[in-house]
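Peer 1: structure of the sequence below:
(chains A, B, C, D, E and F)
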Protein chains: 4
Amino acid sequence: MTASDPDVAPARRPRDAQATRARILRAASQEFARLGFAGARGERIAQRARSSERMLYYYYGSKEGLYRAVLEAAYLGLRQAERTLELDALAPQAALAHFCRFVWRFYAEHPEFIGLVNAENLAQARHLRRSGQLAELALPVVEQLRALLARGLAAGVFRAGIDPVELYIAVASLGYFYLSNAHTLSAVLGRNLKDPPQLESHWAASEDMILRFVSAR
Amino acid sequence: MTASDPDVAPARRPRDAQATRARILRAASQEFARLGFAGARGERIAQRARSSERMLYYYYGSKEGLYRAVLEAAYLGLRQAERTLELDALAPQAALAHFCRFVWRFYAEHPEFIGLVNAENLAQARHLRRSGQLAELALPVVEQLRALLARGLAAGVFRAGIDPVELYIAVASLGYFYLSNAHTLSAVLGRNLKDPPQLESHWAASEDMILRFVSAR
Amino acid sequence: MTASDPDVAPARRPRDAQATRARILRAASQEFARLGFAGARGERIAQRARSSERMLYYYYGSKEGLYRAVLEAAYLGLRQAERTLELDALAPQAALAHFCRFVWRFYAEHPEFIGLVNAENLAQARHLRRSGQLAELALPVVEQLRALLARGLAAGVFRAGIDPVELYIAVASLGYFYLSNAHTLSAVLGRNLKDPPQLESHWAASEDMILRFVSAR
Amino acid sequence: MTASDPDVAPARRPRDAQATRARILRAASQEFARLGFAGARGERIAQRARSSERMLYYYYGSKEGLYRAVLEAAYLGLRQAERTLELDALAPQAALAHFCRFVWRFYAEHPEFIGLVNAENLAQARHLRRSGQLAELALPVVEQLRALLARGLAAGVFRAGIDPVELYIAVASLGYFYLSNAHTLSAVLGRNLKDPPQLESHWAASEDMILRFVSAR
DNA sequence: TATGAATGAGAATTCATTCAT
DNA sequence: GATGAATGAATTCTCATTCAT
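Peer 2: Coordinates of the predicted model:
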């Protein structure tokens, strides 16, 4: 039959558990990011996943179980992206700039991540704390920053006494807040912050701020 | 009955309505900040306000009406606080530092504000855009910053070319993100960011960053 | 209006909380007795109570809460009936016969009681144990039996050494089992045990058995 | 593969099916006895049987089919046990006592039987009536009792006019009710009726009652 | 003989809201 | 001005069962 025809790429293979699970997870990711845990609707998730509400429970047990899976996948995605970072090949200042751009671009390209983290903070990280597989999530990056700061200090381009955690938070703040609060800020400032030129100019200023912060002089 | 006797001094009755409204608003503020619009429960709000669910509708018409009232009160609170800001009396650098601390302290002292803004961004500022009394909310502050930057430039302590909106966003980012994301960050970093010394050291580093950013040298 | 007309007996008064609660309880009693906890359907209860499913939750919180209320009401009914028992005015043997008939008639006239107790035993008395207001339920009757046995002994018509609890259990067994297991027994024995003459002849034999059991000679 | 190799002695395979069926039946027996038809869960049965839910349907077609099989097995067990009864070798009174003890011990040793009969009565013997292989189930025992009564009458130790069906019901009542209602009775009486000494003393009193009932004097 | 994937129908429960006094 | 009773429409979740291999 067509299903076993090797030439035809099947648009939606039935009985492919992995694919179904993945479709549900992706749909749920969007829904939870947009509406938070309480606002998310199983029905909409099922529709977007081209599956049935029943399957959410089949694979994830409950709304909360699905939410948790979504959250874990989101953090896992960030961590895997961070693994690809290569800062050692660049000069300290260029490396730091690269790091900033990397983080900010990740945020910009993963609006569901922003939404999910927002939702989770609204819920006081209740679900995140219950999930086992986190904790080591940001640390690798912090270590990379610590090494970079030391390298820059040795090279005479960075000043001493900078806490890498603080630096990480500053970088994250400048990228995250702008996107996460774009809606209220746009309403209040009367500018459309999601405009690409606006975004680039924000990033340029932010990069400038970060580099001035660590600069030796 | 005695309650309607016009001769008796209205010790309790006339203020009741206002007091009840206020208690409901406060309770709703906490509930919406903690759980977002969809997650908030009329029943809980009524309980915390020591009133009945019926009264929510009596005074605010609908859940959305109540939410809007809460949101407006929150932004109004920020705006009124900003009115008390006196930057002109201080030297430019001290004034900017004062401004930072003012903003950050407001966030720290108004966790419901953070929660509400978070909730509103999750909802893509849907309610804020519909509400009339906003728009001019941040602008006065931006104007104050613009003036301050000009003063600092004239005094030779600030450099040229700084966008006051960008500066405002940077200040807000550094204060807001830290508090808003304290839950997930604490979980991920293994530090309790809400600790007062941690907070102060973050604020010191942030103030340093802002001042270096605008500094002439 | 008609609602306040004292002459008209209102078939179903709206906004009469007590009446609504009572109708729901009665309907639930029948449903649970007939089908057990798991088999009972909220929808059917609501219909029979001429109310809505929503009201079950409004008044009783959950299916389990409703079931518990039903159970408590059933035991309370038995206890109140037992309070009307007057054994002292009769001669010992007549009093014991009267007691038997009283218990058996109660069972026969309250088939929901049988059903509920059956259901509850199926569930290993899980709900009954959790309910506070029981424990003293059968004891008053046992005390009455103890006094009766003493009186009969003194009068020389009853023999010594009879445990009133055992006597109570025997009386209950002979009446309860017959009705509770009438369905399976009828199927197995090929007689319709619910036939009134059959029932009366069973009661006569049982009364005979009880009296012979306690008889002095 | 090796499993289908016709030369290999079928050590495990051929018995598997039967063993699986039996495990399912046993697990279902417990589940239905504890929770009734409506309360029973296929999932739990499958788990306890170390099989899959799918197998329930594979072997028994439907939940109802499985329940019917369980019920039939339970009654068949009773009937087979009754076949082993040997009353003729004993003196009439000893034979009757033996009969009582036999019935009561069967109940005590087969709590699922009690549970299933309870469940079936709750369901108004719906399933039992539909099942073919019953009807003659209790009759053989009743005939044995009839013969025993006649023998005792002839021997001058039993009185005349006793209905064997009534006697059977009395014996069953005294044994069944005590066990079936042990949960609610224990809760209400404050005694743990399942205690072995309690049970034996109940049986002794009951045996006494039955013997007095039929006794010539 | 066996099994993992899938599902439709229905069940319990919740939510925001209105009615009637 | 205040309140208890009532409700319709979802929403989450469960259950017995079938499909496809």
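
Peer 1: low-confidence stretches in chain A?
Peer 2: Across chain A, the ranges flagged by pLDDT under 70 are A:1-14, A:132-138.

Peer 1: in which helix or strand would I find the residue nearest to the spatial centre of it?
Peer 2: Chain A has A:Phe113 as the residue nearest its centroid, 4.0 Å off, counting by Cα atoms, centre = their mean. Using DSSP states H and E, A:Phe113 sits in helix A:111-122.

Peer 1: one more: A:Val171?
Peer 2: helix A:164-180.

Peer 1: after that helix comes which helix or strand?
Peer 2: helix A:182-189.

Peer 1: relative to helix B:111-122, how tilted is that following helix?
Peer 2: Per axes from the mean of the first three to the mean of the last three Cα atoms, to 10 degrees, the angle that helix A:182-189 makes with helix B:111-122 is 100 degrees.

Peer 1: near chain B at all, helix A:182-189?
Peer 2: Yes. With Cβ under 8 Å from any Cβ of the partner chain as the criterion, chain B is reached by helix A:182-189 at A:Ala182, A:His183, A:Thr184, A:Leu185, A:Ser186, A:Ala187, A:Val188, A:Leu189. Where you see a C-beta, it was placed from the backbone N, CA and C, and this is true even at glycine.

Peer 1: quick check, nearest of those residues to A:Glu53?
Peer 2: A:His183 (29.2 Å; Cβ to Cβ).

Peer 1: how much space separates that closest one from B:Glu31?
Peer 2: Per Cβ to Cβ, to the nearest Å, A:His183 is found 21 Å from B:Glu31.

Peer 1: again, but for A:Leu153
Peer 2: 49 Å.

Peer 1: ok, those two, which is more surrounded?
Peer 2: B:Glu31 (27 against 17; other Cβ atoms under 10 Å in any protein chain shown).

Peer 1: just checking, next helix/strand downstream of the helix or strand encompassing the more buried one?
Peer 2: Using DSSP H and E, B:Glu31 sits within helix B:13-39. Moving toward the C-terminus from helix B:13-39, the next helix or strand (DSSP H and E) is helix B:42-48.

Peer 1: and for that following helix, what are the contacting residues?
Peer 2: The contact list for helix B:42-48, computed with Cβ atoms under 8 Å, 6 or more residues apart in numbering or on different chains, reads B:Ile24, B:Ala27, B:Ala28, B:Gln30, B:Glu31, B:Ser52, B:Glu53, B:Met55, B:Leu56, B:Lys63, B:Leu66.

Peer 1: identify the residues contacting the closest residue to chain C within chain A.
Peer 2: As assessed by Cβ to the nearest Cβ, chain C sits closest to A:Ser62 within chain A, at 18.2 Å. Not one residue lies near A:Ser62 by Cβ under 8 Å, 6+ apart.

Peer 1: dump the residue contacts of A:His127.
Peer 2: Contacts of A:His127 by Cβ under 8 Å, 6+ apart are A:Phe37, A:Glu64, A:Tyr67, A:Arg68, A:Leu71, A:Glu120.

Peer 1: quick one: distance of the helix or strand encompassing A:Val103 to the chain centre.
Peer 2: Here A:Val103, judged by DSSP H and E, is contained in helix A:92-109. Relative to the chain's own centre, helix A:92-109 is displaced by 13 Å; criterion: Cα atoms, centre = their mean, to the nearest Å.

Peer 1: quick one, that helix and helix A:111-122 angle?
Peer 2: Using the same axes, to 10 degrees: helix A:92-109 against helix A:111-122 is 80 degrees.

Peer 1: what residues are up against the residue in chain A positioned nearest to DNA strand E?
Peer 2: Minimum separation of chain A from DNA strand E (Cβ to the nearest atom of the strand) falls at A:Ala17, amounting to 3.0 Å. With contacts defined as Cβ under 8 Å, 6+ apart, A:Ala17 is in contact with A:Tyr59.

Peer 1: that one and chain D, how far apart?
Peer 2: Distance check for A:Ala17 against chain D: by Cβ to the nearest Cβ, to the nearest Å, it reads 16 Å.

Peer 1: swap in A:Pro197?
Peer 2: 58 Å.

Peer 1: is A:Lys194 within a helix or a strand, and which one?
Peer 2: Judged by DSSP H and E, A:Lys194 forms part of no helix or strand.

Peer 1: what's around the residue lying closest to it once chain neighbours are set aside, how many residues?
Peer 2: Excluding the flanking residues, the one nearest A:Lys194 by Cβ to Cβ, 6 or more residues apart in numbering or on different chains is A:Ala182, at 5.5 Å. A:Ala182 has 23 neighbours, counted by other Cβ under 10 Å.

Peer 1: quick check: A:Ala182 touching A:Arg191?
Peer 2: No. Shown here, A:Ala182 and A:Arg191 do not form a contact pair, counting by Cβ atoms under 8 Å, at 9.9 Å.

Peer 1: what packs against the helix holding A:Val103?
Peer 2: When contacts are defined as 3 or more Cβ pairs under 8 Å, 6 or more residues apart in numbering or on different chains; DSSP states H and E, helix A:92-109 packs onto helix A:63-83, helix A:111-122, helix A:139-154, helix A:164-180, helix A:196-214.

Peer 1: TSV for those, including distance to B:Ala172?
Peer 2: Output for the helices and strands packed on helix A:92-109, formatted as TSV (distance: least, Cβ to Cβ, whole Å):
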stretch	distance to B:Ala172
helix A:63-83	23
helix A:111-122	16
helix A:139-154	23
helix A:164-180	7
helix A:196-214	12
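
Peer 1: identify whichever of the ones you listed lies nearest to B:Asp195.
Peer 2: helix A:164-180 (13.2 Å).

Peer 1: the closest one close to chain B?
Peer 2: Yes. Residues of helix A:164-180 are located near chain B by Cβ under 8 Å from any Cβ, namely A:Val165, A:Glu166, A:Ile169, A:Ala170, A:Ala172, A:Ser173, A:Leu174, A:Tyr176, A:Phe177, A:Tyr178, A:Ser180.

Peer 1: okay, the residues you listed in TSV with neighbour count next?
Peer 2: Formatted as TSV, the residues of helix A:164-180 next to chain B follow (neighbours: other Cβ atoms under 10 Å in any protein chain shown):
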residue	neighbour count
A:Val165	20
A:Glu166	19
A:Ile169	24
A:Ala170	27
A:Ala172	21
A:Ser173	24
A:Leu174	25
A:Tyr176	23
A:Phe177	25
A:Tyr178	26
A:Ser180	26
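
Peer 1: you'd agree A:Gly175 is up against A:Cys100?
Peer 2: Yes. A:Gly175 is within contact range of A:Cys100, at 7.5 Å (criterion: Cβ under 8 Å).

Peer 1: the more surrounded of these two?
Peer 2: A:Gly175 (25 against 22).

Peer 1: which non-adjacent residue is nearest that one?
Peer 2: The nearest residue in space to A:Gly175 (Cβ to Cβ, 6+ apart) is A:Trp104, at 3.8 Å.

Peer 1: the one you found: what's it in contact with?
Peer 2: A:Trp104 touches A:Val171, A:Leu174, A:Gly175, A:Trp203, A:Ser206, counting by Cβ under 8 Å, 6+ apart.

Peer 1: the last one touches A:Tyr176, doesn't it?
Peer 2: No. Between A:Ser206 and A:Tyr176 there is no contact under Cβ under 8 Å: 11.0 Å.

Peer 1: could you pick out which of the contacts of helix B:42-48 are near DNA strand E?
Peer 2: B:Glu53, B:Leu56, B:Lys63 (Cβ under 7 Å from any atom of the strand).

Peer 1: export the residues you listed to JSON lines and tack on distance to chain D and neighbour count?
Peer 2: Shown next, in JSON lines, are these (distance: Cβ to the nearest Cβ, whole Å; neighbours: other Cβ atoms under 10 Å in any protein chain shown):
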{"residue": "B:Glu53", "distance to chain D": "35", "neighbour count": "15"}
{"residue": "B:Leu56", "distance to chain D": "40", "neighbour count": "22"}
{"residue": "B:Lys63", "distance to chain D": "38", "neighbour count": "18"}
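
Peer 1: looking at those, which is nearest A:Glu82?
Peer 2: Scanning these for proximity to A:Glu82, where the rule is Cβ to Cβ, the winner is B:Lys63, at 40.4 Å.
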